[in-house]
Structures are given as structure tokens and as C-alpha cells.
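**Q** Show me the folded form of this:
(chains A and B, ligands or ions: 2)
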There are 2 protein chains.
Amino acid sequence: MRFNFKLILNILGILLIFNGIFMLLCLPFSIYYREAWWHLAASGGITALVGGIMTVSTRKNTNKELKKKDGYLIVTLGWLIMSFFGTIPYLLSGSIPDLTNAFFETISGYTTTGASIINNIEGVPKGILFWRSLTQWIGGMGIIVLAVAILPILGIGGMQLFVAEAPGISPDKMKPRIKEVAKRLWFMYLGLTIAETILLTLGGMTFYDAINHSLTTMATGGFSTKNASVAYYESAYIQYVIIVFMFLAGTNFTITYFGLKGKFRKAWDNEEFRNYFFITLILSISISFFVFSSKWESFEKSFRDSLFQVVSVITTTGFVTADYTAWAPFLTIIFFLLMFMGASAGSTAGGIKVVRHTLLFKNSFLEMKRQLHPSAIIPVRLNGIAVSRDITYNVLAFIMIYLLVYGVGVFLLSFTGEEFDTALGAVATCLGNIGPGLGAVGPVNNFHDITGFGKWLLSFLMLLGRLELFTVLMLFNKNFWQKV
Amino acid sequence: MRFNFKLILNILGILLIFNGIFMLLCLPFSIYYREAWWHLAASGGITALVGGIMTVSTRKNTNKELKKKDGYLIVTLGWLIMSFFGTIPYLLSGSIPDLTNAFFETISGYTTTGASIINNIEGVPKGILFWRSLTQWIGGMGIIVLAVAILPILGIGGMQLFVAEAPGISPDKMKPRIKEVAKRLWFMYLGLTIAETILLTLGGMTFYDAINHSLTTMATGGFSTKNASVAYYESAYIQYVIIVFMFLAGTNFTITYFGLKGKFRKAWDNEEFRNYFFITLILSISISFFVFSSKWESFEKSFRDSLFQVVSVITTTGFVTADYTAWAPFLTIIFFLLMFMGASAGSTAGGIKVVRHTLLFKNSFLEMKRQLHPSAIIPVRLNGIAVSRDITYNVLAFIMIYLLVYGVGVFLLSFTGEEFDTALGAVATCLGNIGPGLGAVGPVNNFHDITGFGKWLLSFLMLLGRLELFTVLMLFNKNFWQKV
Ligand SMILES: [K+]
Ligand SMILES: [K+]
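**A** Ligands and ions are numbered 1, 2, ... in the order given. Okay, here's the model as predicted:
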């Protein structure tokens, strides 16, 4: 057999069981708020049951070996099957009655994109809304393992480069390593979520709102329980707390780990982190001067709005405290360009990522040098270490394919009749897992009125972006399905 | 001495002498149309005189050797110095009284971009207008030599790949090779220009308009003598003639050479040519169905408008017979994407070029295969021949830098307050040497109202795009100025 389908099904079954259990975790909120709770109970039951059947029926498995190809298949199918079963609470409760919209909302959750089709979020039952936030948190958990442990082994888009420790793990050490890394980072992920919940509650948020926003902050997801997103909370304290946690969620988790252990030097020595920090800082300050001079609110408010929006877009979270597309044409353009940045690799952020841009930028300069000295071998250096040509090539190919997919996405979406800025913004924000786009899908609008075809296309692009392109695109390559 | 400045000055001087002579070639039209002719005479005189002084004062030159670095410097300075002296007819005649606008119009000519700041083209004296067309034709002449003979030797952006014959010329054979290639291709360039002039005159155009449009067609320049561009001529015959010659001007000149010699098989075997042909055909037919179904003009008119616009944008000519931004939002988007295509390498077209896209596309697929088989060496094949990894790398770097420059360009232009579509379109059209953009600089508008800063920025981008980026960017690299 080419693929170890039995083991693949077994693993997918386990994922579904966990997914079902997570659905049941929403029940307390349904019960507390005296809502109909059977939708969630049934959804959880069905999902866990299907998962259970899949797992049990494939448990007699002598072949425990997973090949690289199995890895690609598990990751893509895992995200897809979760997204299909994740629609059940929406469909059963009638909060989102049709599959296209429900699937869009769910995959937007699991991919931590946060693009929404719900017009009146505050009208959705609290239990269902908690499920919505939870899909992002689950997605974020998945991403951490994926980015730090799985993708480097699969050799995707130069990801092996971005893991701060132990590069070049051999596939046979894959399983113990995933377990160890996952445990440590999930613990941190959970800890930060709890910390943010406490801090937000202290700022006067209800516990329910605090936990929802914390789940979606740490996942850089951006689903809110309010129609106006974080703009609903006028408290400067709350907004600064969210800014800090968005920034942390966009930081490489192994670097945050060093930071929490007091090894600040090690964190600061990381080139990607420094660039991520300075890009955020410089952009926020520049924009705040403009906002201040044009709106004449207090400088603190101008700075906070600018900082919040820059951090929200660069970390691909997508929370909104101000409509940046209404500030000025030039800011719309800058935020559009920022959608292609992405925060750090090894975080829950989507997009291209700062480290790839760093490599691209440095390599572009060196390319000139290489042309002047064609026979010399001039490698790109990152954190003082020469990056192999293979990895550099891989990173360039990643960025190219990202932009190629972007172009094809815009091309296809254009047929649905969307306007220029809407089409360009929608594809950028979905592929980059950000959330709000431009025009008709801008920060104060949503994706409700996109056509059905458009929604399935954008759902696919969210998945592509989230799984670092190659993982998904690989399955469309005939070599993948060939016997070797 | 690091640079052979004496010889560089000598060559630039010769360029200026020719430039002056070309200005004097406009005099017959001034005289025939009974316009003030002394502006052109004085301009030509001054330019040739300065060129003469430069050449004569540097003629005692024992060092005849030109290094690679000298090559870069000559190309960039050549285009710049021509553009500065090329403004004199506009400034002296008062047709364009200020330097910013005059320089924009002139460099738009020499780079064969065709972006214009003149509001009433038909009000400009015929002699000056002929000079305007001639700048594009001269620019096109320069590009042919550059693309086919100089850039491959300088190793720019994989250009060595795109020369159909004799790859890998050694620098010492540079001079005789340039002369030989230039002679043959210029002869063809001149011949095609004359042929088009005759065919257009036969279609009822005045000789003056025919020669102007032929000069700017063959250069894929797109300057017209009419405010409405080619839409002025409602003759289907005239528009089809221009379509054919635009397509030819966007074809690799060595392939056209084979074609003219009857070696059609050799032309058809070229992958870039086939892709260029099919992209044009498929896009034109698809769009014409849409235009037909929405406007219900005759199908022939719908097809002709679509074909004309597609050929005009893909060849980066920029002539206009219909405002494609008014057809439908999705067509605006498609034409915007098409601005990044570019026709064939080795033609007078600007932009990224079909061959680079072909390589990128193929390489993207192979990158998946490489990840499945990390130890295998899997080269990209073009025209059946394996492309070296160095060249592939070089091409990818070119596309990346193109898009990076695009992003930075949009970023900088956004500060001038242009709207989203205007900024994105203006930078795309100038960097790609096309001419018309979107929004306020769309097909039925011009660049008159762009700010001064914006005009200098766009002028720089035209030069960057025209000289295949590296040639110019190289000069900003500190390594370039270092002693080796
Ligand atoms: K997001
Ligand atoms: K042009």
C-alpha cells in the first residue's frame, strides 16, 4: 500500500474525538445563559462518535510507520475534516443555516482567519459563539505543532530554518519530538490565554467576553463576540492588553519561551524578532502622527488606534478598533501591503512571515554582488549563520508561489463581479489568514454578501495560506500520487 | 582607475551626437507644417555640440577596455543623459514649460512607456510631436541591443537564457558581437517600421500620423498623435494592422528574424513564443465573448476591441481603442494582472516577460516534486533543455525584486494621496513600461495631475523597469563602487 491509510484514518478519528469533546466544553455557557443546549450536545456527540468509530475500526494496525506523504495527507485532511464537522453546531442550531456559510465560518475559525459571514454576531447564542471562538483556539494549537514540529520535518518553505533549536531532526525521531514540543508550547499557549482572560476581566470585561477574546487573540484569529469588534470596548487598558497579547501571539513561540525564562538576550539576538519589533514600532509611530494631525483626537488615542491596527494586521489577528480604510487612501494602501507581511514563523500568525521577507531582502542585495562576482559563492546570512542555497531557494519559491496563488485567486474571484479593492483585499486577507479586507469586505463589513463560488474559493485560500501552501498544493501534484 | 571614465564619457558623447541628429530629423515636419522650427534646430544643435565636445575631449584614450561595471554605468547614464537632453525641444518650444513634466514625458519616451502628461496632444506642434514619437523609437533601438547583446553578457535576470542563439559569449567578443547583432536587428526594426507606415497610409491615415504610430508601435511605446489614441481611427483595417505590428514588436526579435526567413518551425518550437501566442489568443477570445454579451455591438467589433486591448497591454504598448476599466470590475482586475505579464524577452516590450513566468510556473510545480524527493536533482527544462540552477535562481530573484520594487513604489506613491486603484495602477504601468494605468491614470486619462514627487518617482520606476532592474539597482549597491 502506498499510503498508510489505516493509520491516517486512526489519527483523523482521534482528532474528531477531541473535536467532539471541545464542542461539549461549550455546554456550560449554553446552560449558564439558559439557551437551548441540545444542539451543542448533539454536535459533540455525533462528532466524537464518528471519531470513535474511525479510531476503533482502525485500531488493529501493525504498520506504525508514517512516511512524509502520509504527513501531508494527515495535515490537509485533518484541517478539512475538522472544518466539516465543525459546521454541525451552526447548522443544527440554525445560527448559520446553510452549508456554504457555515463551512466558510468554520474554516475561517480553524485557519485562525477570522473572516466572518455573520451579520449580527451579538444575536448568536453564547454557547455557539463560544464554539466559534474555540475553533480558532484549536486551530492555533494545531498551527503551533505544525510550525514548530511537523513542517520543518516535511521541509516546507524553508520552515526548517525558522525553528530556533535543533534543526535537522530525522524523521524517525518525529513522534517523540512532536509530543515533547507540543506539550511545552501548548502549556505556554494555555497559560497565556488564561493570563489574558484574567487581565481582561480585571479591566471590566465580562468573564465570557474575556475568555472569548483571549482564545481568539492567542490564535491570532480575531473573532469577536461584538459586532463592533474590540472598538466596542472603549477602555484604553483593555485595548493595550489585547495589543500586548496579539504581539506575543505573533512572536515565535520558542522565543517567547526564552523570554519567559528570562533569556532576553537570546530573544533579542533573533533577527526576525528584531525586524518584527521595529517594523511594528516604526509603522505605528509614523501612522499615529498622521492620524493625530488629521483627526485631532488626543495623541494617546491616535497612537493607540494606529498601534492596535498595525499590530492587528501584522500579526494577522484582524481585531478592529478603527476603520483604517477610512483614514486616508495612502493608509489603505499601506495596510494592504502590510497584509503580505505576516508576523513571525513559529507563531500562530499567517501570511508570508517576517523571516522570509528578511531573507528575500538580504538576498536581493546579494544578488547584485553575485552579478559583479559571478564565480564567488555568496550565501545569505541569518542570525550570523550562512543559509544554505537550498533553503534560500525554497524560501524564494515559497514567496513566489504565494504571490502566484494570490494572482490566480484575484483572477478567479474577479469573475464573481467584486470591485477592484474588494477582490484584491479579500484574497489578500484570506490567503494571509488576517480577517478584514478592503472595500465591501473592509474592517467594518463582512463576507456575507460574497457569492457562493467566492466563499468556497476563499475557504480554499484560507486553508492554503494556513498550511504554508506546499502542504496542500502537494496533493494536486501528480507525483504525489505516484508509486515510488 | 576603477572605472574607465574617459571611454564612458566618449561613448555617452557619441550617443548625444546621434540624439542631436535625430532632433534635426524632426525639422522637415516643422517646416512642412509651417511651424516655428528654430526650437528643434537649436535643441539638436546644443545636444550634438555637447556630445561633440564630450567625444572630442576624451578621444585620446589609450585604455580601450570596458569592464562589466563600466557596462552597467554606460547603460544607466546613457538612458539618463538622453532623457535630460531630450527635454530641450519641449522646454524651448514651451510645449511643456517645466522640467518635471518635460523629463517625465521624455523618459516615458526613451523607456518606451508612453505615460503622458500632455492634456491636449493635438495642440502640440507637429515637429515636437514627431520628436516625442521618435524618443520611443530610439528607446526601442536601444532596448534591442540591450536585450539581445548587452544584458546577457552582464548576466542580468537570466537574460543569457533568452537569447535564441549563441549563449555564453565571452566579454572579449562583446564589441564585434554587439555590432553584428545590432546591424541585423536594427535593419529589421527599420524595415518593419517602414512596412507598417506604408500599410497604415494605405488604410487612409495621413503619412504623418502613419509614421508616428509606426515608430511608437515598433517600440511598444504607445505615444499617439491623437488625444483619443488609436480609438480616433474607426477603421477596422487600421486597428488590425496595428494589432499585428504590436504583436510582432512584442515577439523576440531573433524569432521574428527566423520567421521572416521562413523558418517557422524554429519559431514555433520556442516555448516562450507559443505561450505568448496562446495567452494572447485565449484571453482575447474569452474577453470578447464577455464584451459581446454585455454591449451587443457586432461580434467583430467586440473581438477587435478585446484583442486590441489584450495585445496592447501584454506587449506593453499601451495604445487604446476602448476603456477597458469601464467594461466591468473583473476586466479591470484582469488587465491589472496582465500588466505584470510582459511579452517576450528580446523584444521591445517591458515588464516581467512570458519566459520568466514560464520558468516560475514550471519551477513551482517542480518544487513540490523536489520536496517529495529531497535528494534528487530536478532541473527546470525550457525548450527541452535543462536550465542551470544558477539561472533559475537568477530569474526567481528577478521576479521577486520586481515585485519588491513594485511594493516599495506603491508604498512611496501612496504618500502623494492617490487613490487605491490609481496608485496600484500607476506603479504597475510605469514599472512595466506600459503607459495607461487605472483610476485617475486610466486609459482615457493621463499623468498630468500626479504630484511632482510622484512624477519623479514614476520616472525612476520607468527607468528601473526598462533596464531590467539590476542594471540600475546595481549602482545603489556599495559593492559596485568598491575597488576590487
Ligand atoms: K486572523
Ligand atoms: K508602452
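**Q** So which elements touch the lengthiest helix in chain A?
**A** Of all the segments assigned as helix in chain A under DSSP state H, the longest by residue count is helix A:174-202. With contacts defined as 3 or more C-beta pairs under 8 Å, 6 or more residues apart in numbering or on different chains; DSSP states H and E, helix A:174-202 has these neighbours: helix A:126-145, helix A:207-218, helix A:236-249, helix A:253-260. Every residue, glycine included, has its C-beta placed from N, CA and C.
**Q** now the ones you listed as TSV including mean neighbour count?
**A** What follows is these, written out as TSV (neighbours: other C-beta atoms under 10 Å in any protein chain shown):
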stretch	mean neighbour count
helix A:126-145	25
helix A:207-218	25
helix A:236-249	21
helix A:253-260	20
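**Q** wait, what's in contact with the residue of the stretch 351-484 of chain A found nearest chain B?
**A** Of all residues in the stretch 351-484 of chain A, A:Ser414 sits closest to chain B, at 3.8 Å by C-beta to the nearest C-beta. A:Ser414 makes contact with A:Ala423, B:Pro329, B:Phe330, B:Ile333, B:Ile334, according to C-beta atoms under 8 Å, 6 or more residues apart in numbering or on different chains.
**Q** so which of those residues comes closest to ligand 1?
**A** Comparing those against ligand 1 with C-beta to the ion places A:Ala423 closest, at 19.3 Å.
**Q** The helix or strand where that closest one lies relative to helix B:420-431, how many degrees between them?
**A** A:Ala423 belongs to helix A:420-431 when assigned by DSSP states H and E. Angular relation of helix A:420-431 and helix B:420-431 on a 0 to 180 degree scale: 90 degrees, by axes from the mean of the first three to the mean of the last three C-alpha atoms, to 10 degrees.
**Q** as a whole number, average confidence for helix A:420-431?
**A** With pLDDT averaged residue by residue, helix A:420-431 scores 93.
**Q** What strand or helix carries the residue of the stretch 351-484 of chain A found nearest ligand 1?
**A** Per C-beta to the ion, the residue of the stretch 351-484 of chain A with the smallest distance to ligand 1 is A:Gly435, at 4.3 Å. Per DSSP H and E, A:Gly435 falls between elements, in no helix or strand.
**Q** Can you pull the residues of chain A lying near ligand 1?
**A** Counting by C-beta under 5 Å from the ion, the positions of chain A adjacent to ligand 1 are A:Gly114, A:Gly222, A:Thr316, A:Gly318, A:Gly435.
**Q** From A:Gly222, how far off is the nearest residue to A:Thr217 once chain neighbours are set aside?
**A** Distance criterion C-beta to C-beta, 6 or more residues apart in numbering or on different chains; nearest residue to A:Thr217, sequence neighbours excluded, is A:Phe245 at 4.7 Å. Counting by C-beta to C-beta, to the nearest Å, the gap from A:Phe245 to A:Gly222 is 12 Å.
**Q** try A:Leu66
**A** Taking C-beta to C-beta as the measure, A:Leu66 and A:Gly222 are separated by 33 Å.
**Q** Between those two, which has more neighbouring residues?
**A** Under the neighbour definition other C-beta atoms under 10 Å in any protein chain shown, A:Leu66 and A:Gly222 were set side by side, and A:Gly222 has more, 29 against 18.
**Q** isn't that one right next to A:Thr429, touching?
**A** No: in terms of C-beta atoms under 8 Å, A:Gly222 does not count as a neighbour of A:Thr429; the distance is 10.3 Å.
**Q** shared neighbours of those two, which are they?
**A** With C-beta under 8 Å, 6+ apart as the test, A:Gly222 and A:Thr429 both reach A:Thr113, A:Gly318, A:Gly435, A:Pro436.
**Q** pLDDT and neighbour count added to these, as JSON lines?
**A** Output for the shared contacts of A:Gly222 and A:Thr429, formatted as JSON lines (pLDDT from 0 to 100; neighbours: other C-beta atoms under 10 Å in any protein chain shown):
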{"residue": "A:Thr113", "pLDDT": "94", "neighbour count": "34"}
{"residue": "A:Gly318", "pLDDT": "92", "neighbour count": "30"}
{"residue": "A:Gly435", "pLDDT": "91", "neighbour count": "32"}
{"residue": "A:Pro436", "pLDDT": "90", "neighbour count": "30"}
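**Q** can you redo these as CSV with distance to A:Leu25?
**A** Output for these, formatted as CSV (distance: C-beta to C-beta, whole Å):
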residue, distance to A:Leu25
A:Thr113, 22
A:Gly318, 24
A:Gly435, 24
A:Pro436, 28
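**Q** ok, and of those, which contact chain B?
**A** Residues shared between the shared contacts of A:Gly222 and A:Thr429 and the neighbourhood of chain B: none [C-beta under 8 Å from any C-beta of the partner chain].
**Q** for those, which one is nearest ligand 2?
**A** In terms of C-beta to the ion, no member of the shared contacts of A:Gly222 and A:Thr429 lies closer to ligand 2 than A:Pro436, at 36.4 Å.
**Q** list the contacts for the closest one?
**A** With C-beta under 8 Å, 6+ apart as the criterion, the residues that contact A:Pro436 are A:Gly114, A:Ala115, A:Gly222, A:Gly318, A:Val320, A:Thr429, A:Gly442, A:Pro443, A:Asn445.
**Q** That one and A:Lys266, how far apart?
**A** According to C-beta to C-beta, A:Pro436 and A:Lys266 sit 35 Å apart.
**Q** for A:His373, same thing?
**A** A:His373 sits at a distance of 35 Å from A:Lys266 (criterion: C-beta to C-beta).
**Q** So for those two, which sits in the more crowded spot?
**A** With other C-beta under 10 Å as the criterion, A:His373 and A:Lys266 differ in neighbour count, and A:Lys266 comes out ahead with 16 against 12.
**Q** what pLDDT does that one get?
**A** Reading off the per-residue confidence, A:Lys266 sits at a pLDDT of 80.
**Q** can I assume it is in contact with A:Phe258?
**A** Yes: the pair A:Lys266 and A:Phe258 passes the contact test of C-beta under 8 Å, sitting 4.6 Å apart.
**Q** before we move on, the earlier item: OK, contacts around the nearest residue to the residue of the stretch 351-484 of chain A closest to ligand 1 once chain neighbours are set aside?
**A** The shortest distance from A:Gly435 to any non-neighbouring residue, by C-beta to C-beta, 6+ apart, is to A:Gly318 (2.6 Å). Taking C-beta under 8 Å, 6+ apart as the criterion, A:Gly318 is in contact with A:Thr113, A:Gly114, A:Ala115, A:Thr220, A:Gly221, A:Gly222, A:Ser312, A:Thr429, A:Ile434, A:Gly435, A:Pro436.
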